[in-house]
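**Student:** next come a sequence and a model predicted from it.
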Amino acid sequence: MKTRYIVLLLLLTISIKGFSITEDWGKTGHRVTGEIADNYLTKKAKRNIAELLKGQGLAFVSIYADEIKSDDRYRAYSPWHYVNFSFDKKYGEDTPSERGDLVQAIQKCIEVLKNETSSKDDKEFHLKMLVHFIGDLHQPLHVGRGEDKGGNDIQVRWFNDGSNLHRVWDTGMIDYYKMSYTELASNTDELSLAEVEAIEKGDVLDWVYESQSLAKKVYASANVGEKLSYKYMYNHFPTVRSQLQKGGIRLAKVLNDIFG
Ligand code: ADE
Ligand code: ZN
Ligand code: ZN
């Protein structure tokens, strides 16, 4: 009887793990980006955003787009979290997905927010989505290869657990670091004004290509079945921190353009 329970429990655990909804940067990563962005908003943008979000902060709303994945009514938004296109082509050279992708998602959110005839509810929804998507854009494997679903199909070991390359970059490294989102957001690298301006430069597509070039390095960083642990953390966590910081600064830039 006891063994039966154990087997049942084991099967249940495996099935929950197997079908779990992916969480992109994970809660901590998305919140870090939102929290950092908050520090770079103009006063006017802050006021307008607080009114739309009814006082909820950017860190708080940053995971809304993942939360609604549990609701079938929002299923159409699932492909909006990533954009996969050939590494030797520009975005749009191959016809972009009709189901939408991360680039189209960000364009749509900005369009709704800039449109004076959009309802408040519509603006609130697309603002929450935008906060999340600018975060996703900075996870290199969200600008990945379609054939392996941005590294989701590349199985690796993460310390002693089964994982995949995508998950290591979404959550593995951030969770292993064991800092809260506020700690990570207040321990960013100090940047000069010129460095901040360099990060702010360009547009969404420039940032997509930057992530894609990081994605190429990420794919080269591990072999299928490899055990990744301390050394991988040491080599790649600086990139995670830098991407979260860039995501925050650029999110603020996009929001200041809309609301500032
Ligand atoms: N599913 C398919 N491609 C993906 C990607 N690049 N990131 C996250 N989920 C995906
Ligand atoms: Zn992801
Ligand atoms: Zn996402």
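**Tutor:** Perfect, thanks for sending it. Numbering: from 1, shown residues only. Ligands and ions are numbered 1, 2, ... in the order given.

**Student:** CA atoms for contacts and neighbours, from now on please.
**Tutor:** Noted.

**Student:** what parts of the stretch 1-150 of the chain come near ligand 1?
**Tutor:** Contact residues (CA under 6 Å from any ligand atom) of the stretch 1-150 of the chain with ligand 1: 82-84, 141-144, 146, 149-150.

**Student:** tabulate those in TSV, adding columns for secondary structure and distance to Asp38.
**Tutor:** Converted to TSV, these look like this (DSSP: H, G, I helix; E, B strand; the rest coil; distance: CA to CA, whole Å):
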residue	secondary structure	distance to Asp38
Tyr82	coil	24
Val83	coil	26
Asn84	coil	29
Leu141	helix	25
His142	helix	23
Val143	coil	25
Gly144	coil	28
Gly146	helix	33
Lys149	coil	31
Gly150	coil	29
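
**Student:** could you export the residues you listed as JSON lines, including neighbour count?
**Tutor:** Converted to JSON lines, those look like this (neighbours: other CA atoms under 10 Å):
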{"residue": "Tyr82", "neighbour count": "25"}
{"residue": "Val83", "neighbour count": "27"}
{"residue": "Asn84", "neighbour count": "21"}
{"residue": "Leu141", "neighbour count": "30"}
{"residue": "His142", "neighbour count": "28"}
{"residue": "Val143", "neighbour count": "30"}
{"residue": "Gly144", "neighbour count": "28"}
{"residue": "Gly146", "neighbour count": "15"}
{"residue": "Lys149", "neighbour count": "17"}
{"residue": "Gly150", "neighbour count": "22"}
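
**Student:** output those in TSV; the columns should cover pLDDT and distance to Ser163.
**Tutor:** Below are those laid out as TSV (pLDDT from 0 to 100; distance: CA to CA, whole Å):
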residue	pLDDT	distance to Ser163
Tyr82	98	19
Val83	98	22
Asn84	97	21
Leu141	98	15
His142	98	17
Val143	98	19
Gly144	98	17
Gly146	96	19
Lys149	98	14
Gly150	98	14
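
**Student:** thanks a lot, catch you later.
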